[in-house]
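S.K.: Provide a 3D model corresponding to the input given below.
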Amino acid sequence: MDTCFLFSFTSLTLQVNMIGKVLVLVAVILGLRGAEARRGRILESFEYKAISCRGHTASITDFGGVGDGKTSNTKAFQDAVNRLSQYASAGGAQLYVPAGQWLTGSFSLTSHFTLYLHKDAVLLSSQDMKEWPVLKPLPSYGRGRDAAGGRFTSLIFGTNLTDVIVTGANGTIDGQGAFWWQNFHKGKLKYTRPYLIEFMYSDNIQISNVTLLNSPSWNVHPVYSSNILVQGITIIAPITSPNTDGINPDSCTNVRIEDSYIVSGDDCVAVKSGWDEYGIAFGMPTKQLAIRRLTCISPYSAAIALGSEMSGGIQDVRAEDITAVHTESGVRIKTARGRGGFVKDIYVKRMTLHTMKWVFWMTGNYKAHADNHYDPNALPAIQGINYRDVVADNVSMAARLEGIEGDPFTQICISNVTIGMAAKAKKVPWTCTDVAGITSGVSPRPCDLLPDQGPEKITACDFPREPLSIDRVVLKSCTYRL
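M.R.: From the prediction side, this is the model:
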C-alpha cells in the first residue's frame with residue numbers, strides 16, 4: 001500500500017475522531033449548562049382567592065404579546081381569549097399578564113375564564129379609536145350617555161358570560177383618560193366614551209385586587225347581570241375628570257362591593273337601573289346590593305348615589321362602614337318627574353364623614369333626560385330610606401332633602417347621627433320639602449318634617465340581619481406556577 005495514502009488516511013481518521021470527541025464534549029458542556037439553567041430557573045408562582053380556580057394557564061407572551069408600552073396587543077389579547085376558550089368545559093382557563101406595559105384596545109372575555117395581572121403589569125388603553133368597536137346604546141337607556149348614538153366598547157368587555165374573574169396582585173389598568181376627556185370637552189366624540197370594565201347579561205363575576213387609573217368614563221359597570229363580587233380594588237382619577245364614576249351596578253341583582261378605595265371626578269358608587277321611558281320599559285331593577293368598607297374622595301359628587309338613572313327601580317341596598325373625605329355628600333338620591341321607577345328599602349349604617357358639603361341629599365328635580373319623549377307623569381316612588389350611626393365633622397350643611405310636589409319621599413328614618421358643622425356652615429343646617437319620616441338622636445336638630453321620636457327610638461331605623469345570598473359565597477384558594 002502506498003505509504004503516503006496510508007498516512008493520509010490515518011491522519012484523516014485521527015481528525016474525524018478528534019472532531020467527534022470535541023462535538024461530544026461540547027454537547028456535554030451544553031447539556032450541563034442547560035441542566036444548570038433549568039435548576040436555576042425560578043418559576044413564577046402566585047396564589048389568590050377566587051370564586052373558581054382554573055385548570056389551564058397561559059401567558060399573554062405565548063400569544064405574541066409585547067409589554068413595551070408601544071406595541072399594540074389588542075390582537076394578542078383577543079387571540080389568547082379565543083384560544084383559551086376551548087378549556088371552558090375542561091376546568092376553565094387563566095390568562096396571565098406578566099410585568100410590563102401592555103398597550104391594548106378593547107377585547108372581550110369568555111366564560112369560565114380568569115384574567116390575572118402581575119403586580120407590575122400595566123394594561124394601557126390604546127388611544128387609537130379604530131381599536132374600540134362601537135356598540136348599540138343600552139336598551140334601558142335608549143341612547144349613549146355622551147352622545148345620542150352608540151358607545152365605544154369597554155376596554156375589558158363580556159356579554160352573556162358565566163364565571164368570569166378579573167384579578168391580580170394589584171396590577172394596574174390605566175385608561176389614559178386625558179385623551180378621551182379632552183375630546184369629550186371639545187365635543188369631538190360621536191359615541192359615548194368607553195368604560196374600563198363592563199359585563200352585560202352575565203352571571204358569577206369577580207373583580208378584585210386591581211388598580212384602575214384614569215378611566216375615560218365609568219370604571220366598573222356590570223349591567224343586566226347577577227352574582228357579582230367587587231372586592232379590594234383601587235380606583236383613582238383626577239377629581240375634575242368628567243363622569244369617572246367608580247363602581248356602577250346597573251340593573252343587577254345580588255352584588256357585593258367591599259374593601260375598596262376610590263378617588264374620582266364623580267360618584268364613588270352609583271346605583272342605576274335605566275333612564276326614563278327606556279328604563280321603565282326594560283323594567284330590570286338593581287336589588288340585593290351590599291356595600292361595605294368603602295373609602296371615597298369625591299369633592300363634587302357622592303360617596304354613594306342612587307340614580308339618577310333609576311327608572312327600572314332600586315331596592316334592598318345595604319351600605320355599612322363607609323368613610324368619605326372631602327366629598328360632596330355621603331348618600332344622595334337623584335331622581336325627577338319622568339323617571340318613574342322606585343328607590344326603596346335602603347339601609348345605611350356606620351358612616352364616618354370628614355369635610356362634606358352635605359351629609360344627606362335627596363334631589364327630586366334632577367332634570368337630565370334621555371330625550372323629550374319621557375312621560376312627565378311618570379313619578380318615582382322614594383320610600384323606606386334608613387340612615388343610622390353616622391358621625392360627620394366639618395360639614396357645610398347637614399341635609400338637603402327635596403322631594404317632588406305631589407309625590408313626597410316617605411318613610412325616611414334617621415337615627416343616632418352626630419354632625420359637626422364647619423366654621424362657615426349654612427345658618428340653617430337642614431332644608432326639607434315634600435318629605436316625611438322620623439328621627440331620633442340626631443344633632444343638629446332636624447327639620448320639622450322629620451320629628452324627633454326621643455332617645456328610646458335611637459335604634460328605630462332598620463338594617464336587615466338576614467345576609468344576602470352573595471354573602472354566602474365562599475372563595476377558594478387558587479395556586480399556580482408558570
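S.K.: For Thr418, see how far away Pro464 is.
M.R.: Look at Pro464 and Thr418: by CB to CB, to the nearest Å, they are 24 Å apart. Yep, even glycine has a C-beta here, placed from its N, CA and C like the rest.
S.K.: now Lys119
M.R.: Separation of Lys119 from Thr418 (CB to CB) stands at 41 Å.
S.K.: With Val343 instead?
M.R.: Val343 is 26 Å from Thr418, by CB to CB.
S.K.: higher neighbour count, the two?
M.R.: Ranked by neighbour count (other CB atoms under 10 Å), Val343 and Thr418 place Val343 first, with 28 against 13.
S.K.: Assess the claim that Ile233 and Ser260 are in contact.
M.R.: Yes. When contacts are counted by CB atoms under 8 Å, Ile233 is listed as touching Ser260 (4.9 Å).
S.K.: Overlap in contacts, the two.
M.R.: Residues touching both Ile233 and Ser260 by CB atoms under 8 Å, 6 or more residues apart in numbering: Ile247.
S.K.: so what's the residue most central in space within the chain up against?
M.R.: Residue closest to the average C-alpha location in the chain (CA atoms, centre = their mean): Val220, at 2.7 Å. Residues in contact with Val220 (CB under 8 Å, 6+ apart) are Tyr195, Leu196, Ile197, Glu198, Ile207, Leu212, Val230, Ile233, Ile235, Gly246, Ile247, Asn248.
S.K.: what do you get if the cut-off is 10 Å, keeping everything else the same?
M.R.: Applying CB atoms under 10 Å, 6 or more residues apart in numbering, one finds that Val220 lies in contact with 154, 156, 166, 195-199, 205, 207, 210, 212, 228, 230, 233, 235, 245-249, 257, 260, 262, 269.
S.K.: Could you give the bridge partners of it?
M.R.: For Val220, the beta-bridge partners under DSSP bridges are Ile197, Ile247.
S.K.: Which pLDDT value does the model give Arg39?
M.R.: Per-residue confidence (pLDDT) for Arg39: 33.
S.K.: and what of Thr57?
M.R.: 97.
S.K.: neighbours around it, how many?
M.R.: So Thr57, with other CB under 10 Å, has 21 neighbours.
S.K.: The residue nearest to Asn82 when sequence neighbours are not counted: what's it in contact with?
M.R.: Spatial nearest neighbour of Asn82, excluding adjacent residues (CB to CB, 6 or more residues apart in numbering): Thr110 at 7.6 Å. Applying CB under 10 Å, 6+ apart to Thr110 gives the contacts 81-82, 84-88, 92-93, 95, 158, 161-164.
S.K.: Now flag whichever of those residues is closest to Glu405.
M.R.: For those, the closest approach to Glu405 (CB to CB) belongs to Gly158, at 43.4 Å.
S.K.: residues touching the closest residue to that closest one other than its chain neighbours, list them.
M.R.: Leaving aside its chain neighbours, Gly158 sits nearest to Leu109 (4.3 Å; criterion: CB to CB, 6+ apart). By CB under 10 Å, 6+ apart, Leu109 lies in contact with 77-78, 81, 84-85, 95, 115, 156-159, 161, 164-166, 197, 199, 202, 205.
S.K.: Tell me the first helix or strand C-terminal of the strand or helix carrying Arg350.
M.R.: With elements taken from DSSP states H and E, the one containing Arg350 is strand 342-363. The first helix or strand that comes after strand 342-363 along the chain, using DSSP H and E, is strand 381-402.
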